[in-house]
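A.B. asks: I would like the atomic coordinates for the input below:
(one chain, ligands or ions: 3)
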Amino acid sequence: MQVEPGDTDKSRYPKHIAIIMDGNGRWAQKRHLPRIMGHPAGVKAVKRVVTFCAEQDIQVLTLFAFSSENWRRPKEEVSKLMGLFMLTMQAEVKHLYKNNIRLRFIGERAVFSEKIQQKMAESERLTENNTGLTLVIAANYGGHRDMTLAMQDIAQQVKDGIVAPDEIDETMIAGALSIPDLTDPDLFIRSGGEQRISNFLLWQLAYTEFHFTEKLWPDFDARIMQDAIDDFLSRERRFGRTSEQVQKMSS
Ligand code: IPE
Ligand code: IPE
Ligand code: MG
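C.D. replies: Ligands and ions are numbered 1, 2, ... in the order given. Below you'll find the predicted structure:
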């Protein structure tokens, strides 16, 4: 497929971009700083990428901020991350609101402090009627846990006689997971050089295009995002069909 860098045919742009923001610790270590110093630098990259997506009329941006496995990190790092999460919400939610961005969170909230949970709920309420970019922050999120909770929910409905086992289909499962109302990601990006999903959106990434880059998250900016989009535009999404069929459909 012919793709010009910075192709302006926005109709072919990904509607939903999901990102694993990785490499904060290594970015700091490269500068002989303690690894936790990478996280505030990572927040600056988040702001650049959110601005880029809003300007490019991307519908949904999902960012993996803290996984259900990240609690295994040193106590001091976890506590710095929680503090930064709170500070960032306090500093940024008004800007998001003013820029017509809708903020949502996925992941289990009960483990967060009362203050953080309140701020999350308040931020979602404030921005819920915004119609621009939907920004989804995955915090204490794990794909396995998401699926487990969905299964518990459906099993309860079967037990209560609301659903018969053979009525369980893909639509019902997708509906019981996080963000059931949003389209699945078209483009997945992982910074920091690792090529794995790390328990991110397992169900929803079934047909997503993957873009891995060595760039560390705090270095992310509009140009790197545009490179990922250009890579996406060069792919042929076949969804199981042959290339000939796909070409016929688009001509
Ligand atoms: C990603 O960067 C941020 C979080 C997981 C919170 P890392 O902290 O994982 O950075 P590296 O991978 O150690 O460099
Ligand atoms: C994945 O990054 C989670 C987030 C970016 C929030 P990790 O750095 O925790 O992933 P692994 O441990 O290298 O797989
Ligand atoms: Mg990492």
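A.B. asks: Which stretches in the stretch 151-251 of the chain count as strands?
C.D. replies: Ranges of strands in the stretch 151-251 of the chain, per DSSP state E, counting those that start in this stretch, are 187-190, 209-212.
A.B. asks: can you put those strands in TSV and add mean pLDDT?
C.D. replies: Shown next, in TSV, are the strands of the stretch 151-251 of the chain (pLDDT from 0 to 100):
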stretch	mean pLDDT
strand 187-190	98
strand 209-212	98
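A.B. asks: Just say which of those strands is most tucked in.
C.D. replies: Of the strands of the stretch 151-251 of the chain, the one with the most neighbours on average (mean count of other Cβ atoms under 10 Å) is strand 187-190, at a mean of 24. In this view, the C-beta of every residue, glycine as well, is placed from N, C-alpha and C.
A.B. asks: who does that strand touch, helix- and strand-wise?
C.D. replies: Packing partners of strand 187-190 (3 or more Cβ pairs under 8 Å, 6 or more residues apart in numbering; DSSP states H and E): strand 16-20, strand 209-212, helix 222-233.
A.B. asks: Which strand or helix spans Phe105?
C.D. replies: strand 102-106 (DSSP states H and E).
A.B. asks: Tell me what angle the next helix or strand after that strand forms with strand 102-106.
C.D. replies: Per DSSP H and E, the first helix or strand lying C-terminal to strand 102-106 is helix 114-127. Here helix 114-127 runs at an angle of 140 degrees relative to strand 102-106 (axes from the mean of the first three to the mean of the last three Cα atoms, to 10 degrees).
A.B. asks: closest to ligand 2 out of the strands of the stretch 151-251 of the chain?
C.D. replies: In terms of Cβ to the nearest ligand atom, the element of the strands of the stretch 151-251 of the chain nearest to ligand 2 is strand 187-190, at 8.3 Å.
A.B. asks: Alpha carbons only: can I get the closest one in CSV?
C.D. replies: Coordinates of each C-alpha in strand 187-190 appear next as CSV, following Å, rounded to 0.1, in the frame of the first residue of the first chain:
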residue,chain,number,x,y,z
LEU,A,187,-3.5,0.2,16.7
PHE,A,188,-1.4,-1.0,19.7
ILE,A,189,1.9,0.7,20.4
ARG,A,190,4.5,-0.4,23.0
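A.B. asks: Provide the contact partners of it at residue level.
C.D. replies: Here strand 187-190 makes contact (Cβ atoms under 8 Å, 6 or more residues apart in numbering) with 14, 16-20, 22, 196, 200, 205, 208-213, 225, 228-229, 232.
A.B. asks: These, buried ones only, as a PyMOL selection?
C.D. replies: A single PyMOL command selects the buried members of the contacts of strand 187-190 (16 or more other Cβ atoms under 10 Å):
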select buried, resi 14+16+17+18+19+20+22+200+205+208+209+211+212+213+225+228+229+232
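A.B. asks: rewinding a little: I'd like the helices and strands packed on strand 187-190 as TSV, with distance to ligand 1 appended.
C.D. replies: Output for those, formatted as TSV (distance: least, Cβ to the nearest ligand atom, whole Å):
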stretch	distance to ligand 1
strand 16-20	8
strand 209-212	13
helix 222-233	16
